[in-house]
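*Asks:* can't give you the sequence, but here's the structure:
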Ligand SMILES: Nc1ncnc2c1ncn2[C@@H]1O[C@H](COP(=O)(O)OP(=O)(O)OP(=O)(O)O)[C@@H](O)[C@H]1O
């Protein structure tokens, strides 16, 4: 009989909004014990998942499964790069961007079934200022909001949407000098995102065309916009059409360098960190082995909270715009009126 494969599950009890106590039982019930030997370990502090995963690589464990959200996946995966140990994912965070990109079901038992199928493929990952990322990294508004979100006691989509609405209209775009193999250009931008995978999480497709096997990242430059543009941008993000929006410039690159005038936050897979004025981003080709769903799930049939909320907002904003246009007021007054309306908006 063939030897069994070794799996270590690393469970982050702090990810997402629900308890994790029942997950070891679910693993015991669903994992195919004729194929695998396994152990479950709980993280005790931020960074612990990386330490456990590094030990697993040293012990030649076949698979380390991150049980948590993208932060936990990042911590585990960064210890596995360029090793033979594969990453598995049981997605139970708030966003689960990498799991969604790889068609891993957001359902604990179904995601364990994917591990049972043991379909391992090799994927690209990215590096921003020496920090590995597997989904996306960025600077500007998304890094700013990751910072706000990290310090928020409440987590989940509602907190996130509240933060985006509260902060988005006041946010001041920055100027960046972006250098790639074609030369250096200045961009005034609301945010710059570099994507290895297509989404931030929760089906927010910042880079709908990104694949993890092309050896390239998708660079997304979101230009400054006003309150009237915001709902359409949001709807495009959730409808996989952001690349068609007139406020978006996008291109593929293997390596970029960005210079900005003042230090500020960046994020890697949603984890914020302060950094200086110079930022390097590149893609490491085929550097991480991941257990993935051999069948691609094209559409996510679960109700999309964000899309519904933004569609309602879009409807409200258009009504405000019509009222204001009827009264013939100037654009600054329009923005102020919208700001007030949005801050009072319960969606
Ligand atoms: N035992 C622990 N105590 C406190 N923090 C922890 C512990 N284990 C891990 N962490 C930290 O918890 C943070 C959040 O985890 P994670 O990103 O997996 O969940 P999430 O934010 O809910 O999901 P997502 O990133 O998909 O939105 C990570 O930054 C990780 O370092």
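*Replies:* It's in. Note that the structure is predicted; figures quoted are calculated from it, not measured. Numbering: from 1, shown residues only.
*Asks:* now do the contacts for the residue of the stretch 1-150 of the chain found nearest the ligand.
*Replies:* Among the residues of the stretch 1-150 of the chain, residue 69 lies closest to the ligand, at 1.9 Å counting by C-beta to the nearest ligand atom. (Glycine included, C-beta is placed from N, CA and C.) If you count contacts by C-beta atoms under 8 Å, 6 or more residues apart in numbering, residue 69 has them with 12, 15, 16, 91, 92, 93, 94, 95, 96, 201.
*Asks:* of those, grab the buried ones for PyMOL.
*Replies:* Per 16 or more other C-beta atoms under 10 Å, the buried members of the contacts of residue 69 correspond to this PyMOL selection:
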select buried, resi 12+15+16+91+92+93+94+95+96+201
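*Asks:* and of the contacts of residue 69, the nearest to residue 244?
*Replies:* When the contacts of residue 69 are ranked by distance to residue 244 (C-beta to C-beta), residue 201 comes first, at 21.6 Å.
*Asks:* circling back to that earlier point, not counting its neighbours along the chain, what's nearest the residue of the stretch 1-150 of the chain closest to the ligand?
*Replies:* Counting by C-beta to C-beta, 6 or more residues apart in numbering, residue 93 is the residue found nearest to residue 69 once chain neighbours are left out, at 1.4 Å.
*Asks:* in strands, which of the contacts of residue 69 appear?
*Replies:* Those of those mapping onto strands are residue 91, per DSSP state E.
*Asks:* how about the contacts of residue 69 in a markdown table, adding pLDDT?
*Replies:* Formatted as a markdown table, these follow (pLDDT from 0 to 100):
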| residue | pLDDT |
| --- | --- |
| 12 | 94 |
| 15 | 86 |
| 16 | 77 |
| 91 | 94 |
| 92 | 90 |
| 93 | 88 |
| 94 | 82 |
| 95 | 84 |
| 96 | 91 |
| 201 | 88 |
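*Asks:* ok, and which of the contacts of residue 69 reach the ligand?
*Replies:* 12, 15, 16, 93, 94, 95, 96, 201 (C-beta under 6 Å from any ligand atom).
*Asks:* report the two of those separated the most.
*Replies:* 12 and 201 (15.1 Å).
*Asks:* quick check: residues of the protein near the ligand?
*Replies:* Contacts of the chain with the ligand, taken as C-beta under 6 Å from any ligand atom, map to 12-16, 43-46, 48, 68-72, 75, 93-96, 155, 201, 270-271.
*Asks:* and the nearest residue to residue 32 once chain neighbours are set aside, how many neighbours?
*Replies:* In this structure, residue 32 finds its nearest non-sequential neighbour in residue 116, 4.4 Å apart by C-beta to C-beta, 6+ apart. Look at residue 116: counted by other C-beta atoms under 10 Å, it has 14 neighbours.
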